[in-house]
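Asks: Sequence and predicted model, in that order:
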Protein chains: 2
Amino acid sequence: MAAEMTVSELVRRARDGQARALGRLISLVEDGSPRLAEVAAELAPHTGGAQVVGLTGPPGVGKSTSTSALVKALRASGRRVGVLAVDPSSPFSGGALLGDRVRMQEHATDDGVFIRSMATRGHLGGLAWSTPQALRVLDAAGFDIVLIETVGVGQSEVDVVSLADTTLVLLAPGMGDGIQAAKAGILEVADVFVVNKADREGADQTVRELKYMISLGRREKGPSWRTPIVRTVAARSEGVDELVQAVTDHRDWLIEHGELDARRVQRAENEIQAVVAARLRAEMGELRGGATLAGLAREIVDGRSDPYRAAEQLLADLRS
Amino acid sequence: MAAEMTVSELVRRARDGQARALGRLISLVEDGSPRLAEVAAELAPHTGGAQVVGLTGPPGVGKSTSTSALVKALRASGRRVGVLAVDPSSPFSGGALLGDRVRMQEHATDDGVFIRSMATRGHLGGLAWSTPQALRVLDAAGFDIVLIETVGVGQSEVDVVSLADTTLVLLAPGMGDGIQAAKAGILEVADVFVVNKADREGADQTVRELKYMISLGRREKGPSWRTPIVRTVAARSEGVDELVQAVTDHRDWLIEHGELDARRVQRAENEIQAVVAARLRAEMGELRGGATLAGLAREIVDGRSDPYRAAEQLLADLRS
């Protein structure tokens, strides 16, 4: 049935709130379906309405719990919420699907919530490629807010965070010293800091360290936004209303300063480049059934060529 | 002086053990110098001799200490050792340079050791691109072993690890439960497991968990390699000789099974693709002074186009 359904019918149903159609559309983009281009074209006129909120932080800081608490708070205010849980770490485990099921139970009876885990599948450009497309599906389906939750260490996660209009960086007391946190490289991307587990010892110190870091003025997120620090105990939903307020404030600020549009144009540029790169990468692998690339690699291993010369030759082939 | 030196002279000096020439060559590749292609061509005939050992694991597990202990043990056996410390996390902090200096002190008087930190510079393809080139410099300079140390969470680090002939995954007791470790996604890439801080409580349990995981047979690293688990206390150099032995055993195994060559051909393919992708990405950004990409992105944000259609148009322009 679904397999025979036209893309425009799937999009219509997804916009109508049908979770199955929504899931099927995301699978189409994730799996690199031949109908990808058609899906993208059908979605385009309906996109742009969702506020995209990234949520990241080191393992153990309470990201899943915070996401759940945020979903509840946003639902209480009547907003429809989509969640993309991005787990770039495990290409093999299939853990993402399990995680999906556990989380879904909590909101199983609420069709104003849609949760999907994105795991690396090895198709095309991986998560850097499939996550923005899944985001476009949820955006077009009419969700007011899409939360993108990621593990917060490493460049690929920072890339994923770059999809967001507003990025929340979660920390917790006692996660190790400030230097270790700074090494995680996630502080610079924060629009809002969240100190979760704020009832624990050390919360004041974590807040102090963040304030100090902000005061160093090394973060340049725009002309006048002062990155707030919100204390939460997500497991008891404490501070979550304040967090929702901070998210709303940031959106207002983005719009007022023309930053929302600027970020989205930048995001679209990245998406175009990712699609082009994935296409070219596929073409490279396919040149003469892969023989060209393998032959050039052989020459490098034997010391008869180098990556630059090989790249020149491959580019010439791609263009001929 | 150095600026006017020919590339072939720099390579000659680097092969002669001159640290300054070595550093300058790495800077050339890191900074995307116009002389990149020349550097690569000069290095090529001298590459292939170094064993490349990746070293990864979650923060706090003792990677720096273990690297230092390994360097000492390898030096004691007369081998020349290069170290690339890859820190993809912080594009802004400049922490890499500081780390360099701290580490260098320990081996400052030993010209059989060269240590370099690689930080994201935003040039071209970033670390995924500059690290393999820096590796080629050290390889061509005649180091017997190059250690690549990375923060162990996230796809980009896994990519970096894919440069290695042999990958060591470090864990420590009490770093959180096994599931958390599995989520880090670094278990699958291990050729050798290292349980560092093995004098701490919980070491036996960590070893048991690893054994159990290995017994599940979900790791497929080749026909017959049995991933060993080595216990170390790197801060006191305990178990490090056993670790060196495991690294040597793995190299022997790789050669015997034709896997060394297979991994290196794969690595060369990845390098070629990375160079091509970086080149095309630069060209995309430059088309009509960036106006093409920006214009296409604008259409997407306005809902008048989508990433696939835009990519088609850009590709047509790139090829015309």
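Replies: Received it, and whenever you're ready, just let me know what you need. Numbering: from 1, shown residues only, chains lettered A, B, ... in the order given.
Asks: Verify the assumption that residue A:143 is located in a helix.
Replies: No. Counting by DSSP: H, G, I helix; E, B strand; the rest coil, residue A:143 is not found in a helix; it is coil.
Asks: so what pLDDT did it get?
Replies: pLDDT, residue A:143: 96.
Asks: List the contacts of it.
Replies: With contact taken as Cβ atoms under 8 Å, 6 or more residues apart in numbering or on different chains, residue A:143 is in contact with A:50, A:80, A:81, A:82, A:114. C-betas here are computed from N, CA, C, even on glycine.
Asks: Grab the nearest non-local neighbour of it.
Replies: residue A:82 (4.0 Å; Cβ to Cβ, 6 or more residues apart in numbering or on different chains).
Asks: Quick check: that neighbour vs residue A:22, distance?
Replies: Separation of residue A:82 from residue A:22 (Cβ to Cβ, to the nearest Å) stands at 8 Å.
Asks: picking that back up, which single one of the contacts of residue A:143 is nearest to residue B:31?
Replies: residue A:50 (39.4 Å; Cβ to Cβ).
Asks: Which residues are in contact with each of residue A:82 and residue A:22?
Replies: Counting by Cβ under 8 Å, 6+ apart, the common neighbours of residue A:82 and residue A:22 are A:114, A:138, A:141.
Asks: Give me the number of neighbouring residues for residue A:319.
Replies: Around residue A:319 there are 8 other residues, counting by other Cβ atoms under 10 Å in any protein chain shown.
Asks: Same question for residue A:27.
Replies: Count around residue A:27 with other Cβ under 10 Å applied: 14.
Asks: Need the pLDDT of the closest residue to it other than its chain neighbours.
Replies: Closest residue to residue A:27 apart from its sequence neighbours, by Cβ to Cβ, 6+ apart: residue A:33 at 7.9 Å. Per-residue pLDDT puts residue A:33 at 77.
Asks: just residue A:66 next, same as before
Replies: The model's pLDDT for residue A:66 equals 92.
Asks: Please apply the same query to residue A:87.
Replies: 66.
Asks: same question, the one 4 residues further on
Replies: The per-residue pLDDT reported for residue A:91 equals 40.
Asks: And residue A:70, by the same measure?
Replies: 94.
Asks: Find the helix or strand that the closest residue to residue A:110 other than its chain neighbours is a member of.
Replies: Nearest residue to residue A:110 in three dimensions, chain neighbours excluded: residue A:75, at 6.6 Å (Cβ to Cβ, 6+ apart). For residue A:75, the host element (DSSP states H and E) is helix A:63-76.
Asks: Which elements pack onto the following helix or strand past that helix?
Replies: Scanning forward in sequence from helix A:63-76 by DSSP H and E, the next helix or strand is strand A:81-87. When contacts are defined as 3 or more Cβ pairs under 8 Å, 6 or more residues apart in numbering or on different chains; DSSP states H and E, strand A:81-87 packs onto helix A:63-76, helix A:95-106, strand A:113-119, helix A:127-140, strand A:145-151.
Asks: worst average pLDDT in those?
Replies: For those, the weakest mean pLDDT is recorded on helix A:95-106, namely a mean of 50.
Asks: Residue A:117: neighbour count?
Replies: Per other Cβ under 10 Å, the neighbour tally for residue A:117 reads 19.
Asks: buried stuff in stretch A:193-213?
Replies: A:193, A:194, A:195, A:196, A:197, A:198, A:203, A:206, A:207, A:209, A:210, A:213 (16 or more other Cβ atoms under 10 Å in any protein chain shown).
Asks: rewinding a little: right, and the residue nearest to residue A:143 touches residue A:147 too?
Replies: Yes. Counting by Cβ atoms under 8 Å, residue A:82 touches residue A:147, with 7.2 Å between them.
Asks: Who does residue A:52 form a beta bridge with?
Replies: residue A:146 (DSSP bridges).
Asks: ok, it - contacts?
Replies: Going by Cβ under 8 Å, 6+ apart, residue A:52 touches A:135, A:139, A:145, A:146, A:148, A:163, A:164, A:165, A:166.
Asks: 6 Å - rerun?
Replies: Applying Cβ atoms under 6 Å, 6 or more residues apart in numbering or on different chains to residue A:52 gives the contacts A:146, A:164, A:165.
Asks: Can you say which of the residues you listed are buried?
Replies: With burial judged by 16+ other Cβ under 10 Å, the buried subset of these is A:146, A:164, A:165.
Asks: ok, so of the contacts of residue A:52, who is nearest chain B?
Replies: Using Cβ to the nearest Cβ, residue A:165 comes nearest to chain B of the contacts of residue A:52, at 12.1 Å.
Asks: how close does that closest one sit to residue A:34?
Replies: 31 Å.
Asks: And residue A:229, by the same measure?
Replies: 47 Å.
Asks: And the two? Which one has more around it.
Replies: Using other Cβ under 10 Å, the more surrounded residue of residue A:229 and residue A:34 is residue A:229, with 18 against 8.
Asks: That one and residue A:194 touch, don't they?
Replies: No. Assessed by Cβ atoms under 6 Å, residue A:229 is found out of contact with residue A:194, at 7.8 Å.
Asks: Scan chain A for its longest helix.
Replies: helix A:259-286 (DSSP state H).
Asks: helices and strands around that one, which ones?
Replies: Packed against helix A:259-286 by the contact rule (3 or more Cβ pairs under 6 Å, 6 or more residues apart in numbering or on different chains; DSSP states H and E) you find helix A:127-140, helix B:259-286, helix B:291-301, helix B:307-319.
Asks: Please point out which parts of that helix sit buried.
Replies: Across helix A:259-286, burial judged by 16+ other Cβ under 10 Å covers A:259-260, A:263-265, A:267-281, A:284.
Asks: Could you pull out the helices in the stretch 101-250 of chain A for me?
Replies: A:127-140, A:155-161, A:178-183, A:203-215, A:240-256 (DSSP state H, counting those that start in this stretch).
Asks: Return the member of those helices having the minimum mean pLDDT.
Replies: Lowest mean pLDDT within the helices of the stretch 101-250 of chain A: helix A:178-183, at a mean of 46.
Asks: So which residues on the stretch 201-320 of chain A come close to chain B?
Replies: Selection of the stretch 201-320 of chain A residues close to chain B by Cβ under 6 Å from any Cβ of the partner chain yields A:264-265, A:268-269, A:271-273, A:275-277, A:280-281, A:284, A:293, A:296-297, A:300-301, A:303, A:306-308, A:310-311, A:314-315.
Asks: would you list the contacts of residue A:52 in JSON lines and tack on distance to residue B:17?
Replies: Output for the contacts of residue A:52, formatted as JSON lines (distance: Cβ to Cβ, whole Å):
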{"residue": "A:146", "distance to residue B:17": "55"}
{"residue": "A:164", "distance to residue B:17": "48"}
{"residue": "A:165", "distance to residue B:17": "52"}
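Asks: of all those residues, which comes closest to residue B:40?
Replies: residue A:164 (37.3 Å).
Asks: secondary structure element for the nearest residue to that closest one once chain neighbours are set aside?
Replies: Nearest non-adjacent residue to residue A:164, counting by Cβ to Cβ, 6+ apart: residue A:54, 3.2 Å away. Remark: residue A:54 resides in strand A:51-57, with elements defined by DSSP H and E.
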